[in-house]
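[1] Provided below are the primary sequence and the corresponding predicted coordinates.
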Amino acid sequence: MKPDSTWRAFITPFVLLTGPGTIFISITLLLPLLTIVMFSFWRTESYELYADWNLDNYRVLFGEAAYRTFLIRSVVSAALTSLICLVLAWPVAYYIARHGGRYRLLLVLLLAAPFFTGVILRIAALQGILGPGGLINMTLGLAGFAPIKLLMYTQFAATIGHIYLYIPFMVTAIYLSLVNFDFALLDTAKINGAGPFRAFAEVTWPLNWIGTSIGTVLVFIPCLASTITPRFLGGPNATSFGMSLSQQFGETGTWALGSAMSVVMFIFSFLVIAIMSLTIDLRRSGFTGVGK
Amino acid sequence: MSTHDDTVSLSLQDICKQFGPVKAVDGVNLDIRQDEFFALLGPSGSGKTTLLRIIAGLEHPTSGRVMVGGQDVTYMPPYHRRIGMVFQNFLLFPHKTVAENIVFPLRMQNIAKAQRGERLSWAIHLLRLEGLEARYPHELSGGQQQRVSLARGLISRPALLLLDEPLANLDRELRAEMEIEIRRYQKELKIPFIYVTHNQEEALTMSDRIAVMRNGVFEQVGHRTEVYQKPATAFVAGFVGQSNQMEGKADTVNGSLLAFTWKGTKLVVPHAGDVKAGDPLRFMIKHEDVQVEVASKKSAIPASHNHLPGKLRDIIFKGQTVNYLIDLEGGMEIVASGSPRDMKLSVGDLVFAFWPQEAGASFRL
Amino acid sequence: MAGLLNLLYIFLYAPIFYVIYASFSQDIVWPFPPAFTMQAYVDLAGNSLYSDALINSLIIGLGSGIISTAIATAGVIGILRYPSKRRTLIIVIFLSPLFVAELLIGISSLAFNARILGLPGNIFSAIAANAVEGVAFSFLIILSQLVRYDWQMDEAAMVFGARPVRCFWEITLPTIWPSLLGAFLISFILAFNNLEISFYNLGAIPTLPSVAWGSLRFGLGPELFALAALTNGFVFLIFAVMYVLMRTGLVKFGYRGK
């Protein structure tokens, strides 16, 4: 018989198939995030959380110089890392997409694979090269040179670490966009008088903006939240926002403050996403073949 | 509850299907009998495939009922209806062998293994697929794939078989062969076939009855010769067969005939029910109904026939037929079609195009 | 540009190769001239903390992989087979975890589990939290492959009597399984090697990454190198499998019956 009651009409195959995922993500992602928002307005005392609703945590965050420093340091570092990754990744992705031929998949997989070994082991490996006992400095030492201060326990080293960790994301995102880009458009531009730089700026870049912005977001967000890299590669002056945040949930037990920090970090991430998606709406572009 | 006529296999009652603002099917009624080969003919976008999918159960109509064997199956899911289907893209399962593909419907109906083997042999023999049982679809030619598809559709002896433009992807020779074969299967097995196509030649060759469909409605339903010779609307006249057309205003109506003036010449043509004196009309006549005679032999033309003078501009030889392209003095081109055996004319001859008064059909514009 | 590509490869892989090389050396700080030993691996295998951690990581990886793949597959089939106006919304929901930092996922799960649900650190919440990230990755992988599948095949099967579940089992799954396997492998690796998400959810339960983290705090040790070498080898093995799958699997994909 015809399913005419609204309840039965609601349970379509679409709902049955996408429902579990939606519910799962809501429960495991959304609810916990909301919990954190809630806690950010509470108070911790002696390792216990109390539900007195207040704004103290935020006052502390923005009031005390230390936290402000951490935040600014992390935001700047993330922005810088994103920029450098962008500059480095574009030529690489372009080369693979345009000239990779049969080996395109292989080349991209080779770039993506290191990411999956996990952040700790990758940083450990980097330390093996960069650190005071690492390859570079030991070699220099044996050859009679002083170790490069810059490479040990500095913000510089941490940034190198961030690039090392997240550049595969940027390359993959741009590559996926370029794979659906019609390179013949460049020929058209050149025939119409555009030099290579002009062609890039007017044709390639705008049409692949979605890939660029997704890559930027995928690099910026983990960078902002990073804890391991600054801890092991950065020095005492490189405490990041993420490190401080995790301390609140670890050593100091001040969950309320930590929650406030999480909220602030999430807002920053969200801002970046919002800015990027706004710019996407304003331009026509094709990503994975779906034009606007 | 209306009484069910046992000879009616499929009954469509007031079927409507709406996709948003678009009416794909708009009020279709149809009864199909057990022994019929029925063609659904129409241009793309006419709604014929939608209608077929509604019969198969892949879509639900917005309103109306579908009855198979007297049972209301309108909302029954496709896997419960005992219907077979043959698709334009064959849609054979690529990871299964020919035998596994054919036997699939029987497995889904949980038919016992022994019986399955029997039926499989029957289907393979019927479609002449011996020796191909272990092959995979991508190893077969287009024609072989289509036969496997047919075997799969027929093996469960369904209540009816739906065919969705099955020959569209085959080359012309194969198509001609398959047209005759498919009709033979239908007659042998006595299962009603519903055949969707945009190719009127296929429809005419294979079917008993044809429904011509446009914009979601049936313009005409009838026996194939009737649809061909007595088109009910201008669209049907133009879509089925090849026609010439002339437009003018009706002068007088005289029973089953009416007179109208076309560029100064008076023509007498069959009268369609709703044309009155003074109405604008379109007259359509099939190419093969128009005959040609050399101007000097005008006396050979019966006086009561319509005749128009003109010059033979070109002769197109099509193998089985010859088309004469005539530039009429009235300023239009008319095509007359004939057999190659009577080819006596030359390009440039002054000729008359003529036809009897009962030939062709007129329609109100 | 080719030069830059090569530089990037060197940049990414030099540390890895060095670590692998050093893990076999007698002196890991200055492994020259080359002198090889398996001592680091022997120590690693004998260390019970590592073997406990390995088992936990495996469990988390498997659990997360299975859940992610199942949920993502259902989601992809839902939006591709049954087009709906809500399609974009569902895609956004399924991909949202990609845009939340792992640290946040870990911490928020911890907060939620500890305070709201009242659960202590346990392996199930770690699996669930990892699965969230896994669902997003799996969704992306399966979606990119499944857009080429011809759903009319399923319709044909339905007409011939296959109910939806049977149709999936007989027709859809045999064709799409390589992409499901690929998604599973990726989710597995991510969860297996994950630190930030699992750490906060587990309390004292060790995983390979968290043990590695603990070890790193005391400086680089030979066991760490050995672990890194093994993990890299493992990841690359899986990627090799996936590459082969994608190369051959692609041939069978979106097979449009021609």
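    Ah, there it is.

[2] please, where are all the helices along the stretch 1-150 of chain A?
    In the stretch 1-150 of chain A, helices defined by DSSP state H, counting those that start in this stretch lie at A:6-10, A:13-25, A:31-39, A:56-63, A:65-99, A:104-112, A:119-130, A:135-142, listed in chain order.

[3] need the winner for burial among the ones you listed.
    Greatest average neighbour count among those goes to helix A:119-130 (a mean of 26), per mean count of other CB atoms under 10 Å in any protein chain shown. Just so you know, the C-beta spots here come from the backbone N, C-alpha and C atoms, and that holds for glycine as well.

[4] what residues does it touch?
    A:114-115, A:134-137, A:151-152, A:157, A:160-161, A:164-165, A:228-229, A:232-233, C:14-16, C:18-19, C:22, C:193, C:195-196, C:209, C:212-213, C:216, C:220, C:224-225, C:227-228, C:231-232 (CB atoms under 8 Å, 6 or more residues apart in numbering or on different chains).

[5] would you mind putting the helices of the stretch 1-150 of chain A into TSV with mean pLDDT alongside?
    As requested, those are exported to TSV (pLDDT from 0 to 100):
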stretch	mean pLDDT
helix A:6-10	67
helix A:13-25	90
helix A:31-39	89
helix A:56-63	83
helix A:65-99	90
helix A:104-112	87
helix A:119-130	85
helix A:135-142	74
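
[6] picking up where we left off before, mind giving me the PyMOL select for the contacts of helix A:119-130, buried ones only?
    Buried subset of the contacts of helix A:119-130, written as a PyMOL selection, criterion 16 or more other CB atoms under 10 Å in any protein chain shown:
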select buried, (chain A and resi 114+115+134+135+136+137+151+152+157+160+161+164+165+228+229+232+233) or (chain C and resi 15+16+18+19+22+193+195+196+209+212+213+216+220+224+225+227+228+231+232)
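
[7] which residue is it, in the stretch 51-200 of chain C, that comes closest to chain B?
    Using CB to the nearest CB, the closest approach of the stretch 51-200 of chain C to chain B is made by residue C:161 at 3.2 Å.

[8] ok, that residue - how many residues close by?
    24 (other CB atoms under 10 Å in any protein chain shown).

[9] residue contacts, it?
    Under the criterion of CB under 8 Å, 6+ apart, the contact list for residue C:161 reads B:79, B:105, B:108, B:109, B:156.

[10] the first one touches residue C:159, doesn't it?
    Right, residue B:79. Yes: the pair residue B:79 / residue C:159 is scored as a contact, 7.5 Å apart, by CB atoms under 8 Å.

[11] who's more crowded, the two?
    For residue B:79 versus residue C:159, neighbours defined as other CB under 10 Å are more numerous around residue C:159 (26 against 21).

[12] name the element residue C:119 belongs to?
    If you go by DSSP states H and E, residue C:119 is not part of any helix or strand.

[13] thought it was touching residue C:110?
    No: counting by CB under 8 Å, residue C:119 does not reach residue C:110; the two are 10.0 Å apart.

[14] between these two, which has more neighbouring residues?
    Legend: neighbour count by other CB under 10 Å for residue C:119 and residue C:110, higher for residue C:110 (24 against 13).

[15] in this structure residue C:220 contacts residue A:131, no?
    Yes: Residue C:220 is in contact with residue A:131 according to CB under 8 Å; the separation is 7.4 Å.

[16] for the one helix or strand residue C:10 maps to, what is the distance to the chain centroid?
    Residue C:10 belongs to helix C:2-23 when assigned by DSSP H and E. Between the mean C-alpha location of helix C:2-23 and the chain-wide mean there is a distance of 22 Å, by CA atoms, centre = their mean, to the nearest Å.

[17] list the helices and strands it packs on?
    Based on contacts counted as 3 or more CB pairs under 8 Å, 6 or more residues apart in numbering or on different chains; DSSP states H and E, the elements that helix C:2-23 packs against are helix A:65-99, helix A:104-112, helix A:119-130, helix A:155-179, helix C:222-252.

[18] same thing but 6 Å
    Packed against helix C:2-23, as judged by 3 or more CB pairs under 6 Å, 6 or more residues apart in numbering or on different chains; DSSP states H and E, are the following elements: helix A:65-99, helix A:119-130, helix C:222-252.

[19] report the angle between the axes of the shortest one and helix A:155-179?
    Okay, so that is helix A:119-130. Orientation note: helix A:119-130 sits at an angle of 120 degrees relative to helix A:155-179 (axes from the mean of the first three to the mean of the last three CA atoms, to 10 degrees).

[20] please save the CA atoms from helix A:119-130 in CSV.
    Written as CSV, here are the backbone C-alpha positions of helix A:119-130 (Å, rounded to 0.1, in the frame of the first residue of the first chain):
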residue,chain,number,x,y,z
VAL,A,119,53.3,12.3,14.0
ILE,A,120,55.6,11.0,16.7
LEU,A,121,57.7,8.8,14.5
ARG,A,122,57.9,11.5,11.9
ILE,A,123,59.1,14.1,14.3
ALA,A,124,61.5,11.5,15.8
ALA,A,125,62.9,10.9,12.3
LEU,A,126,63.3,14.7,11.8
GLN,A,127,65.1,15.0,15.1
GLY,A,128,67.4,12.3,13.8
ILE,A,129,68.4,14.7,11.1
LEU,A,130,68.0,18.1,12.6
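
[21] residues of the stretch 51-200 of chain C that sit close to chain B?
    Residues of the stretch 51-200 of chain C that fall close to chain B, judged by CB under 6 Å from any CB of the partner chain: C:152, C:153, C:155, C:156, C:158, C:159, C:160, C:161, C:162, C:163, C:171, C:174.

[22] farthest-apart pair in the residues you listed, please.
    For these, with distances taken as CB to CB, the pair at the greatest spread is C:159 and C:174 (18.7 Å).

[23] wait, doesn't residue B:334 sit right on residue B:327?
    No: contact status for residue B:334 versus residue B:327: not in contact, 8.3 Å apart, counting by CB atoms under 6 Å.

[24] more neighbours, these two?
    Just comparing residue B:334 and residue B:327: by other CB under 10 Å the higher neighbour count belongs to residue B:334, 21 against 15.

[25] how is chain B divided into domains?
    As assigned by automatic domain parsing, chain B contains the domains B:8-235, B:244-364.

[26] okay, the ones you listed, which one's buried deepest?
    Comparing the domains of chain B by mean neighbour count (mean count of other CB under 10 Å), domain B:8-235 ranks first with a mean of 19.

[27] nice, that's everything, thank you.
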